[in-house]
Each structure stands twice: as structure tokens, then as C-alpha cells.
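Pasting a predicted model and its sequence here:
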Amino acid sequence: MSFDKLVYDWNNIEPTIRAPNRHISFDDETLRDGLQSPSVCEPPVEKKIDLLHLMDAVGIDTADIGLPGAGGTHAAGVERLAREIAEKKLRIRPNCAARTLRNDIVPIVEISQRAGIPIEVCTFIGSSSVRFFAEDWTLEKLLAMTEDAVTFAVSEGMPVMYVTEDTTRADPETIRALYTMAIRCGAKAVCVCDIQRWEWVSGLETHQWISCSSTSNSWDGSTTIYRGWASIARSLPARVAGRFHTITRFLDATPSGQLRGFMRPLLLRATRRVIDD
């Protein structure tokens, strides 16, 4: 199979910069994807709680607190973090990662009920032709998985963010079909993942195409753009191109050099703002 058939190039639209006219939220992935970097180690849950309080203090809107479907200490840690948010009445809102499978969603439902706090279910699924080729997947299979998982989560009263992995190397028609199914089943947000740092500023305009073509005008959900620090730095001005409320997800498996160079001044400014207020 040729490279062009495996990878769709989103970087073929001239960039435009528009003034922000909607709220942009921040979702912190430190406690989930951030721990998958080869340069970090798994901290004890007490350290995770400290980080959660720091996120809340600097005004982060939401945080991925883990993947409880992994079971064991992972599930126990997620519940500790959820209880901390509920008991200390933190402003930050939790979400959890889950494969687009019922078995991964059930633990999130149970933790949400025990902790007495809503937890957004972030169901992730592969979307690019690279994954289709490697896993011998079909679009029909992924649509069926999406329908079953999202419908189940919504039936349990859980808010759902539908996450397509490797979105920006996938064919837009595939993304349109997956997002449309998820939204029809009740998803309140969709996540455009640029996990391979494939898309440049001009490609961000394609987000507007997805937002407008995959949903009806009555959908009040949000479009999430998931990128690493270097990508955020170069593309933030264009992020406002999305049609809906936009969430920037960050702190995935980021090299420590990027973290020190980009995040430190941001956190220092945010901390000063908290102290001044």
C-alpha cells in the first residue's frame, strides 16, 4: 500500500487567523498520557493528588485522572483522585480515558457513583488508515463499537468525549462517519488528536470542516484539539477556527526539554495570577 493511501495530508489549506470569539478551556493529561513518556516514572497517588491541587490552583479546567479499566492500583488511584476533587470541592473537573469498549467504561461509572461526582468518559479509538491496515479493521467494525460503547455510557448518565486517535492522518470522510455516529449516540464532545505532530497551522482549518459537516446545527458539543507542547506553541493562534467551544488537551508524553521550555513560564504566570487574585 502506498504512503498516500496510508496517510491523509491535512496540510493543504492556506492558514487564516481569526479573533477568538469563544471560551478556550485547558485539559491536563499529566496524570494519564503524561506518565507514558519513557523519561518519567509512575508517582505515588499522594504526588498525583498534589499535582491535581496545583492544576486547580492555576485554573486548569479539566484533568484526565487515569484509565481505571486497567484495574488494580490504576483504578484505585483514579478513585482516590475523584474523591479528592469531590471532598475538597475543587473546581477542576475529572475525566477518564477508556477504550471504546463497555468493559473500560464500567469502572468509570462505578467510581463516579461511589465518589459522587460526574466523570467524563473519554473513549478513544483508532481512525487512520495506518491503524486500519495494521489491525485489519473496517470502518463498519469501528462504527459498531462506537455505537455500542457511547450508547452504553450515555445510558449510564455519563458525559462522553469521543476521541479519534491519529485524527490528522486519517481520511476526513472516515472522521465524519465516526463523529456523526458518536454524536448521534449522545457524545457531548469530540477530540481531534494530532498525536504524531503531523498537522501544521494550515491544517487546523480542517477542524472547521469537521465541525460543520459532521454535526447538525443544533449540536451544542465541543471540539477538542489534542496536541503536544511544541505543536501548541506554533498553532495556538489558529485554534479558534473551530466552530464550537474548544478545549486544548496538553501534557501528553512530552519530552522534558519541551516541558521546561514551554510550561515553566506559563505556570509561573498562572501562579502569579492566582497569588495576585
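On my side now, so go ahead.

how about the helices in the protein?
For the chain, applying DSSP state H gives helices covering 3-6, 45-57, 72-87, 102-115, 129-135, 139-155, 172-184, 205-213, 229-235, 256-258, 264-276.

quick one: low-confidence ranges for the stretch 151-277 of the chain?
Within the stretch 151-277 of the chain, the segments meeting pLDDT under 70 span 194-277.

which intervals of the stretch 1-150 of the chain have sub-threshold pLDDT?
For the stretch 1-150 of the chain, the ranges with pLDDT under 70 are 1-5, 10-20.

Go again with 80.
1-24, 34, 36-40 (pLDDT under 80).

Count the residues that sit near the closest residue in space to N103 that isn't next to it in sequence.
Counting by CB to CB, 6 or more residues apart in numbering, G69 is the residue found nearest to N103 once chain neighbours are left out, at 6.5 Å. In short, each C-beta sits where N, CA and C put it, glycine included. Using other CB atoms under 10 Å, G69 is surrounded by 20 other residues.

Return the residues in contact with G69.
Shown in contact with G69 (CB atoms under 8 Å, 6 or more residues apart in numbering): A75, A98, R99, L101, N103, D104, I105, P107, I108.

what's the distance between it and E120?
15 Å (CB to CB, to the nearest Å).

same question, E147
E147 is 19 Å from E120, by CB to CB.

Compare neighbour counts for those two and give me the winner.
Neighbour count, other CB under 10 Å: between E147 and E120, E120 has more, with 20 against 15.

Can you name the residues that contact the residue nearest to that one when sequence neighbours are not counted?
Closest residue in space to E120, ignoring its immediate chain neighbours: N95 at 3.7 Å, by CB to CB, 6+ apart. With contact taken as CB under 8 Å, 6+ apart, N95 is in contact with D27, T62, A63, D64, I65, I119, E120, V121, C122, M161.

Now intersect the residues you listed with the strands, please.
D27, T62, A63, D64, E120, V121, C122, M161 (DSSP state E).

Turn the residues you listed into TSV, including distance to R114.
Formatted as TSV, the ones in strands among the contacts of N95 follow (distance: CB to CB, whole Å):
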residue	distance to R114
D27	23
T62	20
A63	19
D64	19
E120	17
V121	16
C122	19
M161	21
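
Pick the one among the residues you listed closest to D56.
Using CB to CB, A63 is the member of these that lies nearest D56, at 8.4 Å.

if I look at that closest one, how far off is V163?
Distance of A63 to V163, given as CB to CB: 15 Å.

likewise V190?
Distance, V190 to V163, using CB to CB: 8 Å.

now H53
26 Å.

Could you rank the contacts of G69 by neighbour count and give me the top one?
Among the contacts of G69, I108 has the most neighbours (other CB under 10 Å), with 30 neighbours.

How about the contacts made by P107?
P68, G69, G71, A75, V78.

Show me the two of those that sit farthest apart.
G71 and V78 (10.5 Å).

on that earlier part again, distance to T167 added to the contacts of N95, as a markdown table?
Output for those, formatted as a markdown table (distance: CB to CB, whole Å):
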| residue | distance to T167 |
| --- | --- |
| D27 | 16 |
| T62 | 19 |
| A63 | 21 |
| D64 | 17 |
| I65 | 23 |
| I119 | 23 |
| E120 | 18 |
| V121 | 18 |
| C122 | 14 |
| M161 | 13 |
